[in-house]
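# mind folding the following:
(one chain, ligands or ions: 1)
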Amino acid sequence: MTKMLKILSLLLVITTVVFAAGCAEQGEEGAEGAVEEMPTYYVGTEAQFPPFEIVDNAGNVIGFDVDLMNAIAEDQGFKVIYQDQDFSGLIPALQTGNIDIIASGMTITEEREGQVDFSEPYINAGLALAVTVNNDEITSVEDLQGKTLAVQTGSTGYFKAEELKEAGIVAEIKDFPHVNEAIEEVRIGGADAMINDLPVTNAFIAAQPGIIMIVGEPLNSESYGFAIREGNTELLEKINTGLQNVRDSGDYDELISKLPMYMEEEDAAEGNVTE
Ligand code: GLN
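Residues are numbered from 1 along each chain as shown. This next block holds a predicted model:
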């Protein structure tokens, strides 16, 4: 009898929980009826790339690219869901339809333009060389003869390192999925220097001073764009129109104003495409 009661009360609990869950779901659907009409796009990002994308303590992807993409989405009436993954897998994920947009500090390059469509450029950043703070031997690219470089896999820093290797300057390239791993390799002496986007290296230095420093002038100037599957003109138009609206409203400048500590002054200004 007691057993029977136990089973009965357990059943009652289960029914209540299921019923409550059903109500909650219904409530949400009802309340968000209009929202559900909005298209949802999956945004791929490699969220270990401050100040553009990082994961906060609560596990949310935050950063400049996220703020800008959210502002564009709001302006254009679509929803976004961020998917954190390795940088080198972003273009394949876009091509296979696992994601719809790349917002990941991705430089617009000619080679990538053959694989994806890019939005209008939304910020400029250049590559910079960095070494450990006590290194007085390497002060510019000219000092890289026979040296080992650490870079992020598939990044423009990686392509620059390959160029330097093909030119017979750099001896070896070690590549890592994330920038902090390349920094660590330099710190432990496994590589002599690293090449990475200047604002990002600056952000790491600001977060953890006393490990590496930037040397020499920026190696180039690059423009970041949002990438979309080739031929997805409807989404491309939404992103470009949204970006223009966010610029016109002054919201873009507000986001930029949070960045100057990481940027070269002229890079923080909006503008020039460099390909
Ligand atoms: N801007 C660089 C590139 O596009 C690095 C981007 C990144 O690592 N998120 O290759």
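
# how about low-confidence regions in the stretch 1-150 of the chain?
The stretch 1-150 of the chain contains residues with pLDDT under 70 at 1-36.

# for it, which residues are neighbours of the ligand?
Within the stretch 1-150 of the chain, the positions near the ligand by Cβ under 6 Å from any ligand atom are 46, 49, 87, 104, 105, 106, 107. In this view, the C-beta of every residue, glycine as well, is placed from N, C-alpha and C.

# can we see that at 5 Å?
Neighbours of the ligand within the stretch 1-150 of the chain, by Cβ under 5 Å from any ligand atom: 49, 87, 104, 105, 106, 107.

# before we move on, which element is the third one in?
Pointing back at residue 104 there. Counting by DSSP states H and E, no helix or strand carries residue 104.

# please name the nearest non-neighbouring residue to it.
Distance criterion Cβ to Cβ, 6 or more residues apart in numbering; nearest residue to residue 104, sequence neighbours excluded, is residue 45 at 4.4 Å.

# next up, phi/psi of that neighbour, please.
Note on residue 45: backbone dihedrals following degrees, to the nearest 10 are phi -150, psi 150.

# tell me the contacts of the closest residue to residue 126 other than its chain neighbours?
Nearest non-adjacent residue to residue 126, counting by Cβ to Cβ, 6+ apart: residue 218, 3.5 Å away. Residue 218 sits next to 126, 127, 128, 198, 264 when contact means Cβ atoms under 8 Å, 6 or more residues apart in numbering.

# residue 41 in helix, strand or coil?
strand (DSSP: H, G, I helix; E, B strand; the rest coil).

# burial measure for it, as a count.
19 (other Cβ atoms under 10 Å).

# would you format the residues of the stretch 1-150 of the chain next to the ligand as a markdown table with neighbour count included?
Below are these laid out as a markdown table (neighbours: other Cβ atoms under 10 Å):
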| residue | neighbour count |
| --- | --- |
| 49 | 27 |
| 87 | 23 |
| 104 | 22 |
| 105 | 25 |
| 106 | 27 |
| 107 | 23 |
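
# between those residues, which is closest to residue 259?
Distance to residue 259, by Cβ to Cβ, is smallest for residue 105 among these, at 12.0 Å.

# show me the contacts for the closest residue to the closest one other than its chain neighbours.
The shortest distance from residue 105 to any non-neighbouring residue, by Cβ to Cβ, 6+ apart, is to residue 52 (4.2 Å). Shown in contact with residue 52 (Cβ under 8 Å, 6+ apart): 63, 64, 65, 104, 105, 199, 200, 224.
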